[in-house]
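[1] Next one to model:
(2 chains)
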Amino acid sequence: MVKAIYPKGKIVAKTGNEVMAEAMRQISPDVVAAYPITPATEIVQIFSQFVADGKVPTEYVAVESEHSAMSATIGASVAGARAMTGTSSQGLALMWEMLYIAAGLRLPIVMAEVNRALSAPINIHGDQSDTMGARDAGWIQIYSENSQESYDNMIQAVKIAEKAKLPTMVTTDGFIISHCMEVVEVYPDEDVKAFVGEYKPERALLDYKKPFTLGAIELQDYYFEHRWQLAEGMRNAKQIVLDVAKEFKNKFGREYGFYEKYKMDDAEIAIVTIGSAAGTTKFVIDELREKGIKAGLIKIRVYRPFPAEEIAKDLAKVKAFAVLDRADSCSGNFAPVYLDVVSALFANGINIKSENYVYGLGGREISTEHIAEVYSKLGKIAKGEVAPSKTVEYINVRIK
Amino acid sequence: MKKEEKKLTAAELPAGGLLEAGTAQDFKTGSWRSLRPVWNKDKCIHCLTCWIYCPDSAIKIAPDEKKTTVVTGIDYDFCKGCGICARECPDKIKAITMEEEKK
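    Next up, the predicted model:
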């Protein structure tokens, strides 16, 4: 149950898509260029209805593909506009080259991204392979567990992107959150508008009195310096994420950080995961705690930049942990989030027994029973009864 | 001639690869010429056709005492000697002729 925390907050029933569209309406960007794709379609569809009804003064550009959507959004942003868009899966994949360009040009574009499986085979349901595939593009990635988070994250993303000068994507699990009606607290229009403030770009192409070129070629002697700047911008974004979260808490009341710790203080076994499965995991933890089992959860919210030092510190005291990835990396090794977590531990001199599970691809269900089994095995690993696997394991898939 | 160029560091470079406008002014291409246009001031009727066609903006123009725009010369810092001005100058006038560029 979501309780109203902000005195002027209003409790409403909205799906993830509806509430992200609502956030966009309140943010009131100058330009939205978008193309529909399931399960993100509703975000830009609802938003375009707002535009048509005169509820938001945004210039809406209905483009012919997602590649064009990001291209037009980039163009608008360089011109000096606050520009946003939304997509999913194949749409994100189609705009792949433009993602790198948006980041390289240091544009504060905010994108609502609904996590959906990548083809082939074609699947329209929720998994995180799409945005995991874009994790090297230089975009800040903020994952939402539920609708409330997706609303709050969209609002914060605008400030984070503009301060960090990095494009930012805010995600929800496809269909699970995007299409699920939840109780959400929304804030008044003026308060959201005041929080995001006015976009004041340092340079804008429409400022013809200070002309400049953006997107030129750079040869062997300069490209590397610019890419270093981009990576440094991502490193600097960590503090910016925390600063904006602090401002958000002071204004609206909810606390956010790089990740949420659920019963981690004395946890002996822990799961690290991203997205809606975290909600299921918390339910399992409560049950286990009743039986005296010290289970905990780290739910990653900000995956890029990856909060390496912090996660290493918070996992240091557990006896065994498992990372649940809702995307596989066909590396023949392990899945994306696991790689980031263990490299963080290793770099900080910490070696803890761990497992990596891939779950929920293509919207495959993950139940409380599955998660309880993970904790059960972690318990045995922690006691030394069973050795952790040396490869990635899979939950709820028919192999043989 | 390549001068010893001091390369900028990441700290010195503007973010996002931003380049200030108008840097072409500093890159003189006159040395590329093998043919040079020679402008005959007395034959010229100042129709400005050469100025319109020049791909390098290398025909110099200015307002005269009557505020009429007239050709004043050729900017040899940038002229690459393509010969379009000489070709486009009206047949009956031919105020521009191409000559060998003496090095």
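
[2] Just the CA atoms of stretch B:73-82, as CSV, please.
    The C-alpha trace of stretch B:73-82 is given here as CSV (Å, rounded to 0.1, in the frame of the first residue of the first chain):
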residue,chain,number,x,y,z
GLY,B,73,39.4,42.1,-55.9
ILE,B,74,40.2,38.4,-55.2
ASP,B,75,41.0,36.9,-51.9
TYR,B,76,44.1,34.9,-52.8
ASP,B,77,44.4,33.5,-49.2
PHE,B,78,41.4,31.3,-50.0
CYS,B,79,41.0,31.1,-53.8
LYS,B,80,41.8,27.6,-54.9
GLY,B,81,42.0,28.5,-58.6
CYS,B,82,39.0,26.5,-59.8
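
[3] pLDDT averaged over that stretch - what is it?
    Mean pLDDT, stretch B:73-82: 97.

[4] What of stretch A:290-299?
    The model assigns stretch A:290-299 a mean pLDDT of 98.

[5] what's near enough to touch A:Leu378?
    A:Ile269, A:Ala270, A:Ile271, A:Ala295, A:Ala320, A:Phe321, A:Ala322, A:Glu355 (C-beta atoms under 8 Å, 6 or more residues apart in numbering or on different chains). All C-beta atoms are positioned from the backbone trio N, CA, C, and that covers glycine.

[6] for it, helix, strand, or coil?
    helix (DSSP: H, G, I helix; E, B strand; the rest coil).

[7] In contact with the residue lying closest to it once chain neighbours are set aside, which residues?
    Spatial nearest neighbour of A:Leu378, chain neighbours left out: A:Ile269 (4.0 Å); criterion: C-beta to C-beta, 6 or more residues apart in numbering or on different chains. By C-beta under 8 Å, 6+ apart, the residues touching A:Ile269 are A:293-296, A:318-321, A:375, A:378-379, A:381-382.

[8] follow-up on the earlier one: could you provide the contacts of A:Leu378 in JSON lines, with additional columns for secondary structure?
    What follows is the contacts of A:Leu378, written out as JSON lines (three-state DSSP):
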{"residue": "A:Ile269", "secondary structure": "strand"}
{"residue": "A:Ala270", "secondary structure": "strand"}
{"residue": "A:Ile271", "secondary structure": "strand"}
{"residue": "A:Ala295", "secondary structure": "strand"}
{"residue": "A:Ala320", "secondary structure": "strand"}
{"residue": "A:Phe321", "secondary structure": "strand"}
{"residue": "A:Ala322", "secondary structure": "strand"}
{"residue": "A:Glu355", "secondary structure": "strand"}
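
[9] phi, psi of the residue sitting furthest away from the middle of chain A?
    Within chain A, A:Lys209 marks the point farthest from the mean C-alpha position, 37.8 Å out by C-alpha atoms, centre = their mean. Here is the backbone geometry of A:Lys209 (degrees, to the nearest 10): phi -80, psi -20.

[10] Would you mind measuring from the residue nearest to A:Leu378 to A:Pro7?
    40 Å (C-beta to C-beta, to the nearest Å).

[11] What number of residues are in the vicinity of A:Val170?
    Neighbourhood size, A:Val170 [other C-beta atoms under 10 Å in any protein chain shown]: 30.

[12] still on that earlier bit, so what pLDDT did the residue farthest from the centre of chain A get?
    94.

[13] State the distance from it to B:Leu19.
    With C-beta to C-beta as the criterion, A:Lys209 and B:Leu19 are 17 Å apart.
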